[in-house]
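Undergrad: Take this sequence and fold it.
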Amino acid sequence: MTNVHPFPKSPKDNTVKPHRKDPGPAGGGGPAFRLRDHKGDLVDVLMMVIQAGGMYLIPTTDRPDSDLPTTHLLRTLDGLDALTDAANVLIYDARRYPADCSQEAADALIGKGKQAHKMMRKLYDMLPSDEFIMTMDSYGPDLMAEYATNAAIIVASTFAMDIMAYYDELFIRTGKDKRKAMFRDFQGAYREARDECFSRSEGHEFLIKELSSAHRSLQRMWKEL
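TA: Just a heads-up that it's a prediction; the model follows:
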C-alpha cells in the first residue's frame, strides 16, 4: 500500500495494557481512553483499531522478500481478526451500558462484522495454494492472488472504518476520548487505503471482463472447428 500515514505495527498481544500516563503515539493529542473488555481488563480500543492496520497495510517496499503469494492475504485475515477483537470490546461496552449506547448501532456493527468475515472466507477459499501459484506456468493464479488480496484489504479496511464511525459517535464527538487529531489522521489513512484498492479493483474488473469475453469467443471458435 502507498498510504501516506504509516500505521504502527501491532504487537502479538493486541491488548493495550493500562499505564498511569500515556499520551498516545507521537503525541496523539490527549491521554489514552480505555474501556473494559469481557475479562475486565482496560483496553485502548482506538489503538487496537490503528494497530490492526499495521498488520496488513504494509507498503510494498517494506514487505519481506520471503513473502509467498498468499502471505499478504493471510496478514489481512489477521488484521480483520484484530479489528473484530476491537469491535467486540465496543459491543460488550454497549451491552453493559444500554442507556448510553444505541443498541441498534451495536447490532449493526455486529452485522457488518459477520458480513466482513463471510466475504473474507470466500476470498480465502477461492485462492489456490502457494505451491500451485508458483508452479503454474501461467499468470492466471498470480492475478487471482492479487485480486483476492486487494479485495480482502477493501473488506478489512471498510470494517475498520465502520468501527471508527461507531467510535467517533460515542467517544470522539462527545469528548470522552481527547485524541481527535490522531483519530482523524488514521480514519483518513484507512479511507485512503480503501479508496486506493477500489481504484485497483476497477482495473481487475476490466481485465476479468475482457478475459471472459475473449474466452467466450475462443469457445465459439473451437466449436466451429
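Undergrad: Residue 87 versus residue 36, what's the distance?
TA: Separation of residue 36 from residue 87 (C-beta to C-beta, to the nearest Å): 15 Å. Using the backbone N, CA and C atoms, a C-beta is placed for each residue, glycine as well.
Undergrad: Which one of these two is surrounded by more residues?
TA: More neighbours surround residue 87 than the other of residue 36 and residue 87, with 25 against 13 (other C-beta atoms under 10 Å).
Undergrad: moving C-terminal of the helix or strand harbouring that one, what's the next helix or strand?
TA: If you go by DSSP states H and E, residue 87 is part of helix 71-96. Going down the chain from helix 71-96, the next helix or strand is helix 103-126, by DSSP H and E.
Undergrad: Tell me which other helices or strands that following helix touches.
TA: helix 71-96, helix 140-167 (3 or more C-beta pairs under 8 Å, 6 or more residues apart in numbering; DSSP states H and E).
Undergrad: what's the angle between the very next helix or strand once past the longest one and helix 140-167?
TA: Remark: after helix 140-167, the chain's next helix or strand is helix 180-224, criterion DSSP H and E. Relative orientation of helix 180-224 versus helix 140-167 (axes from the mean of the first three to the mean of the last three C-alpha atoms, to 10 degrees): 150 degrees.
Undergrad: just checking, what packs against helix 180-224?
TA: Applying 3+ C-beta pairs under 8 Å, 6+ apart, one finds that helix 180-224 contacts helix 45-56, helix 140-167.
Undergrad: Measure how far the longest one is from the centre of its chain, please.
TA: Okay, so that is helix 140-167. Chain-centre distance of helix 140-167: 6 Å, with C-alpha atoms, centre = their mean, to the nearest Å.
Undergrad: Now do the buried residues in that helix.
TA: Applying a neighbour-count criterion of 16 or more other C-beta atoms under 10 Å, the buried positions in helix 140-167 are 141, 144-164, 166-167.
Undergrad: got it, and stretch 186-203?
TA: For stretch 186-203, the neighbour count (16+ other C-beta under 10 Å) marks 186, 187, 189, 190, 191, 192, 193, 194, 196, 197, 200, 201 as buried.
Undergrad: what do you get for stretch 63-74?
TA: 69, 70, 72, 73, 74.
Undergrad: quick one: average pLDDT of it?
TA: Taken as a whole, stretch 63-74 has a mean pLDDT of 88.
Undergrad: Just the endpoints, please. Distance across it?
TA: Distance across stretch 63-74, first residue to last, is 13 Å (C-alpha to C-alpha, to the nearest Å).
Undergrad: any idea how far it is from the chain center?
TA: 16 Å.
Undergrad: now do stretch 158-176
TA: 15 Å.
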